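J.: Coordinates for the following, if possible.
(one chain, ligands or ions: 1)
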Amino acid sequence: MRLTCIAAARPNFMKVAPILHAAKKYPGIQCSLVHTGQHYDERMSDLFFRELELPRPDVHLGVGSGSHAAQTARVMLAFDEVLDQQPADMVLVVGDVNSTLACALVAAKRGIPVAHVEAGLRSGDRSMPEEINRIVTDSISELLFVSDPEGLIHLTREGHPREKIHFVGNIMIDTLIRELPYAEASGILDTLGLNAGSYVYITLHRPSNVDDPAVLSRLMDVFLEMSHEETLVFAVHPRTRARMVDAGFDMASSERFKFIEPLGYRDNLMMIRSAKAMLTDSGGIQEEASALNIPCLTLRNNTERPVTVELGSSELVGNDPARIREAWGRFKSGTWKHATAIPLWDGKTGERIVRGLRQAWG
Ligand code: UD1
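T.: Next up, the predicted model:
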């Protein structure tokens, strides 16, 4: 089987890596890796390839940034040509970024079966670009690999035949388990002058939180207020940095409020593992914090990953300052919930996916 795997943006790399590692054990599967180049900075891409021991991509499409339509269209045109040159028997896409949708569409229209990893996630919020990408990708995929138990309900409700759906667990956790020992050897806490358990770690990049200067400004006010009593470390995503610059925010670090560049996988994992609490709007960090039982105040009103709220350590606190303050007060009072074990977050999801691919191939 010629399997073409797609990686595009930062949250994809830790999902593709365990699948490629697991596939090495099966000589009958010939993998190739296409990087669409949706993320292209050293810190958003290359560093992850090195740390996660991803092979050099067979093809790099170099599409870069742009509007949703332009980015999606560029990926489609370029990937169509790749499939002319390098035919595939199956295309595997992960997650919910624009490239996931673009490559799935191209493959499906050429009659190539698509396997979607992280199928069935639904936030119910169609103003999120990722939600549209999820719905469309699932609707044209032949193999639906589900990570969150609620995904099964969504896919069944949407009429997907049961035989297409495989509950395989969370692929992100495979990478987390594999990388944790390396993360623990990371010198990031020393580099930043931090002690474990002494700081709150912040990441923010959703358009709904950063694109409107009024919303961003309210969030920054809450963070500044918190920095009077806590050390905050804010890893600033490129989208957020651009919006902060446009809005004229001061990003000069102080003793109590440190602004840093986005971190690589291992340093970021160490920062989460050693944080007192997380403030984030990242889907992946909701999961990583839950796996590590780190209190996670999720700055969103909905989540496509409800298991992180039901069994994990995440709680949805939105972006309204009063709600964030209230949740923060509860955290400070020591009553934050503890995460419990989550089904199939066991480090073996990559293996289950590869077995599922082989079975489907016959
Ligand atoms: C994308 C994904 C989102 C994912 C996020 C993680 C979509 C619709 N969104 O959002 O699901 O959670 O990645 O990061 O696919 N930029 C750089 N360097 C890079 C990449 C981006 O400077 O390597 C800048 C560009 O100026 C760009 C902006 O960041 O305009 C946003 O990047 P983009 O990939 O369009 O969307 P994200 O907000 O990163």
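
J.: Tell me who's in contact with residue 333.
T.: With Cβ atoms under 8 Å, 6 or more residues apart in numbering as the criterion, no residue contacts residue 333. For the C-beta atoms, the positions are set from N, CA and C on the backbone; glycine is no exception.

J.: Could I get the pLDDT score of it?
T.: Looking at residue 333, its pLDDT reads 96.

J.: Tell me the spacing between it and the ligand.
T.: 32 Å (Cβ to the nearest ligand atom, to the nearest Å).

J.: Return the residues of the stretch 101-250 of the chain in contact with the ligand.
T.: Counting by Cβ under 6 Å from any ligand atom, the residues of the stretch 101-250 of the chain lying close to the ligand are 129-130, 205, 237-239, 242.

J.: Whichever of those end up buried, select them in ChimeraX.
T.: Buried subset of these, written as a ChimeraX selection, criterion 16 or more other Cβ atoms under 10 Å:
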select :129,130,205,237,238
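
J.: Quickly check the residues of the stretch 101-250 of the chain next to the ligand for the two that are furthest apart.
T.: 130 and 242 (19.2 Å; Cβ to Cβ).

J.: Looking at the residues of the stretch 101-250 of the chain next to the ligand, which is nearest residue 194?
T.: Residue 194 lies nearest to residue 237 out of those, by Cβ to Cβ, at 20.0 Å.

J.: how close does the closest one sit to residue 188?
T.: Applying Cβ to Cβ, to the nearest Å, the value for residue 237 to residue 188 is 17 Å.

J.: Show the contacting residues for residue 68.
T.: Contact analysis of residue 68 by Cβ under 8 Å, 6+ apart lists 98, 129.

J.: Now it, what are its backbone angles?
T.: phi -60, psi -50 (degrees, to the nearest 10).

J.: ok, now residue 93?
T.: Dihedral angles for residue 93 - degrees, to the nearest 10 - are phi -120, psi 150.

J.: One more: residue 94?
T.: phi -130, psi 150.

J.: low pLDDT regions in this protein?
T.: Along the chain, the model assigns pLDDT under 70 to no residue.

J.: try it again with 90
T.: 250, 361-362 (pLDDT under 90).

J.: mind giving me the domain split of it?
T.: Per automatic domain parsing, the domain ranges recorded for the chain read 2-169+345-361, 180-332.

J.: Would you mind putting those into CSV with distance to residue 338 alongside?
T.: Below are those laid out as CSV (distance: least, Cβ to Cβ, whole Å):
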stretch, distance to residue 338
domain 2-169+345-361, 15
domain 180-332, 6
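
J.: Looking at those, which is nearest to residue 339?
T.: domain 180-332 (4.1 Å).

J.: residue in the stretch 151-300 of the chain nearest to the ligand?
T.: residue 238 (3.2 Å; Cβ to the nearest ligand atom).

J.: Buried residues of the helix or strand hosting residue 324, list them for me.
T.: For residue 324, the element it lies in under DSSP states H and E is helix 321-332. Using 16+ other Cβ under 10 Å as the test for burial, helix 321-332 gives 323-324, 327-328, 330-331.

J.: tell me which of those is nearest to residue 255?
T.: Proximity of the buried residues of helix 321-332 to residue 255 was ranked by Cβ to Cβ; the top entry is residue 328 with 20.1 Å.

J.: Give me the number of neighbouring residues for residue 6.
T.: A count of nearby residues for residue 6, using other Cβ atoms under 10 Å, gives 28.

J.: is it true that it touches residue 103?
T.: Yes. Shown here, residue 6 and residue 103 form a contact pair, counting by Cβ atoms under 8 Å, at 4.6 Å.

J.: Could you please give me the overlap between the contact lists of the two?
T.: Joint contacts of residue 6 and residue 103 (Cβ under 8 Å, 6+ apart) are 34, 36, 79, 91, 93.

J.: residue ranges for the strands of the stretch 1-150 of the chain, please.
T.: 2-7, 30-35, 59-60, 90-94, 114-119, 143-146 (DSSP state E, counting those that start in this stretch).

J.: Identify whichever of those strands lies nearest to residue 136.
T.: strand 114-119 (10.4 Å).

J.: Compute the inter-axis angle for the closest one and strand 90-94.
T.: Calculated by axes from the mean of the first three to the mean of the last three Cα atoms, to 10 degrees, strand 114-119 forms an angle of 20 degrees with strand 90-94.

J.: what lines up beside strand 114-119 in the sheet?
T.: strand 90-94 (parallel), strand 143-146 (parallel) (DSSP bridges).

J.: got CSV for those, with mean neighbour count too?
T.: Shown next, in CSV, are the strands paired with strand 114-119 (neighbours: other Cβ atoms under 10 Å):
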stretch, mean neighbour count
strand 90-94, 27
strand 143-146, 25
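
J.: Mind checking those for the one nearest to residue 211?
T.: Closest of those to residue 211 is strand 90-94, at 24.9 Å (criterion: Cβ to Cβ).

J.: Could you see whether the ligand lies near that closest one?
T.: No. Using Cβ under 6 Å from any ligand atom, strand 90-94 stays clear of the ligand, coming no nearer than 11.4 Å.
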